[in-house]
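Asker: Sequence plus the predicted model coming up.
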Amino acid sequence: MPGNPLKNDFGFPLARNSIVPGTPVAAEGWWSDDDKRLFLWDLEVSGGEITNPTVPKISILRAQCRQRAPNDIELEVRGATYMGTTPSPAAGVEIFRVAGDGLTRFAYPITVTSVPDAEDGRFALYRVDARLTNAQTGSQAGDGCPATIGARLLNPTTRQPVRTTNAAGNLVNIQATTDVDNRID
């Protein structure tokens, strides 16, 4: 089973040749008694150089939702931003519900600004703790927590989406998505 790309503490992919031997690494995977070896699916490294360092990036490190009532959820999202060649890593972040047919915003978008990390000033961290009703999330009564959440990188001044050109030459928003750890109380 192929693993995820090697990434740093902020959730960004790293160039493999940039990791110095002896660098602290956190690994997730499983041990196979049959094969007598460890199968890794996620490696997180402290340090290293991110891939495509001139391109801005956004990550989602954690997404958790608790449904308190049919029309009442608590959403927590944490992640990081990287603004490429821009001197400050701080950026706007818009959190949105991912629909089956594509990406959709919450009826009342959740936006925050990331804050530069105290230890590594190339990156900034964001956190969302929101208590939402179905009217705010654009859901039908009883829909509860989203299954998938997205985070879109916004220009810190204009609050417009930051875009890049993809491999096909199309202009696309810089964003990340992940499954949400849903809990029902």
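Answerer: Arrived safely.
Asker: E44 and P5, how far apart?
Answerer: Note on E44: its distance to P5, by Cβ to Cβ, to the nearest Å, is 11 Å. Every residue, glycine included, has its C-beta placed from N, CA and C.
Asker: okay, those two: which has more neighbours?
Answerer: Looking at E44 and P5 with other Cβ atoms under 10 Å, you find the greater number of neighbours at E44, namely 18 against 12.
Asker: surely the more buried one meets G29?
Answerer: No: contact status for E44 versus G29: not in contact, 11.9 Å apart, counting by Cβ atoms under 8 Å.
Asker: centroid residue for this structure?
Answerer: If you average the C-alpha coordinates of the chain and look for the closest C-alpha using Cα atoms, centre = their mean, you land on I60, 1.5 Å from that point.
Asker: outside of the longest strand along the chain, which residues touch it?
Answerer: Among the segments of the chain that qualify as a strand by DSSP state E, the longest is strand 57-69. Taking Cβ atoms under 8 Å, 6 or more residues apart in numbering as the criterion, the residues outside strand 57-69 that touch it are 10-12, 50, 73-82, 84, 91, 93, 131, 144-146, 149-153, 174-185.
Asker: show me where pLDDT drops low in this protein?
Answerer: 1-3, 41, 100-103, 105, 107, 135, 137-143, 185 (pLDDT under 70).
Asker: three-state assignment of the nearest residue to S59 once chain neighbours are set aside?
Answerer: Nearest in space to S59, with sequence neighbours left out and distances taken as Cβ to Cβ, 6 or more residues apart in numbering, is G11 at 3.1 Å. When classified by DSSP: H, G, I helix; E, B strand; the rest coil, G11 comes out as coil.
Asker: thought G11 was touching A80?
Answerer: Yes: contact between G11 and A80 holds when scored by Cβ under 8 Å: they sit 5.8 Å apart.
Asker: More neighbours: which of the two?
Answerer: A80 (26 against 20).
Asker: Let me see the contact set for that one.
Answerer: Under the criterion of Cβ under 8 Å, 6+ apart, the contact list for A80 reads F10, G11, F12, I58, S59, L61, S114, D117, F123, A124, L125, Y126.
Asker: Who does it form a beta bridge with?
Answerer: Here A80 shows beta-bridge partners S59, L125, assigned using DSSP bridges.
Asker: now the residue sitting furthest away from the middle of the chain: how far from G47?
Answerer: The outermost residue of the chain, judged against the average C-alpha position, is D34 (34.9 Å), by Cα atoms, centre = their mean. Going from D34 to G47 by Cβ to Cβ gives 34 Å.
Asker: what's the answer for I149, then?
Answerer: Shown here: I149 relative to G47, a distance of 28 Å by Cβ to Cβ.
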